[in-house]
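Asker: next comes the sequence, and after it the predicted model I'd like to discuss.
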Amino acid sequence: MAINVTKFMVTNDLQSMELDITAEPGHTITSIALWDENTYNNPDPEVLLDLTSLLEGTTNTESLVIGQVDLSGTIYMGDLTGIYFMRISASNGDAIIVATINLTQWYIVTARLIANVDLSCLNCNANFQNALLLDLYLEAIKSALTIGRFKDAIQHLSKLKITAGTGDCSECDTLEPLISTAGNIVSVGVIDCTITTP
């Protein structure tokens, strides 16, 4: 069985991470450490955040919520808007690296773009083209993380970071639909603001 991570996610408020891990029976999780997309695979203790002190170490399962208090005084403070990588080691010598990202902030940008698409002129509409490009990068990040191509995911995220001021999910509810010159109304609904992959 080795190490099994059943949950590693950034919460929708971008303030904490949730982690559920199981090691082989008779073994414990001995260490966990965190990087983001800017520090991935850097062994420098200034950037590799050791969170081993959060482990109970009494059984082969651990369930953690890593909040702002656990990240205080580090480069990881503030909203958790990037890709986060966790190195997990067990007492039997097994070790894995897992990754997570909350894409809600990018879906908000896509929603804003789509809400302002003028259907009367799709081939001259920058919002339409930008929404398609943004969606392409979002899918590329998800695919890269799914197959463990972490450096590709980091590169795709760097392309998305050209957008700014993405706000929080509550802004999805206040998007004004645009009435195009073609008379069509474009509106966007957001359900749960949660991404799940198979």
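Answerer: Yes, it's here.
Asker: okay, now the domains of the chain?
Answerer: 4-100, 104-186 (automatic domain parsing).
Asker: between these, which gets the lowest average pLDDT?
Answerer: When the domains of the chain are compared on mean pLDDT, domain 104-186 scores lowest, with a mean of 73.
Asker: on that earlier part again, dump the domains of the chain into a markdown table; add mean neighbour count as well.
Answerer: Placement of C-beta: from N, CA and C, glycine included. Shown next, in a markdown table, are the domains of the chain (neighbours: other C-beta atoms under 10 Å):
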| stretch | mean neighbour count |
| --- | --- |
| domain 4-100 | 16 |
| domain 104-186 | 15 |
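Asker: which residue ranges of this protein form strands?
Answerer: Taking DSSP state E to define them, one finds strands in the chain at 4-10, 17-22, 29-36, 49-50, 61-66, 84-90, 95-100, 178-179, 185-186.
Asker: of all those, which one is nearest Thr74?
Answerer: strand 49-50 (5.4 Å; C-beta to C-beta).
Asker: CSV for the strands of the chain, including distance to Cys121?
Answerer: Shown next, in CSV, are the strands of the chain (distance: least, C-beta to C-beta, whole Å):
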stretch, distance to Cys121
strand 4-10, 38
strand 17-22, 43
strand 29-36, 40
strand 49-50, 49
strand 61-66, 47
strand 84-90, 40
strand 95-100, 39
strand 178-179, 12
strand 185-186, 13
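Asker: and of these, who's closest to Ser143?
Answerer: Comparing the strands of the chain by C-beta to C-beta, strand 95-100 comes nearest, at 12.5 Å.
Asker: where exactly do the helices run in this protein?
Answerer: For the chain, the helices defined by DSSP state H occupy 68-71, 104-115, 126-146, 150-160.
Asker: which helices and strands does the first one pack with?
Answerer: For helix 68-71, the packing partners by 3 or more C-beta pairs under 8 Å, 6 or more residues apart in numbering; DSSP states H and E come out as none at all, with no helix or strand in contact.
Asker: how far off centre is that helix?
Answerer: In terms of C-alpha atoms, centre = their mean, to the nearest Å, the centre of helix 68-71 is found 18 Å from the chain centre.
Asker: ok, residues contacting it?
Answerer: Gln15, Ser16, Leu49, Leu51, Leu54, Met77 (C-beta atoms under 8 Å, 6 or more residues apart in numbering).
Asker: now the spatially most central residue of the chain. Its backbone dihedrals?
Answerer: For the chain, Ile101 is the residue whose C-alpha lies nearest the centre (C-alpha atoms, centre = their mean; 1.1 Å). In terms of degrees, to the nearest 10, the main-chain angles of Ile101 are phi -150, psi 140.
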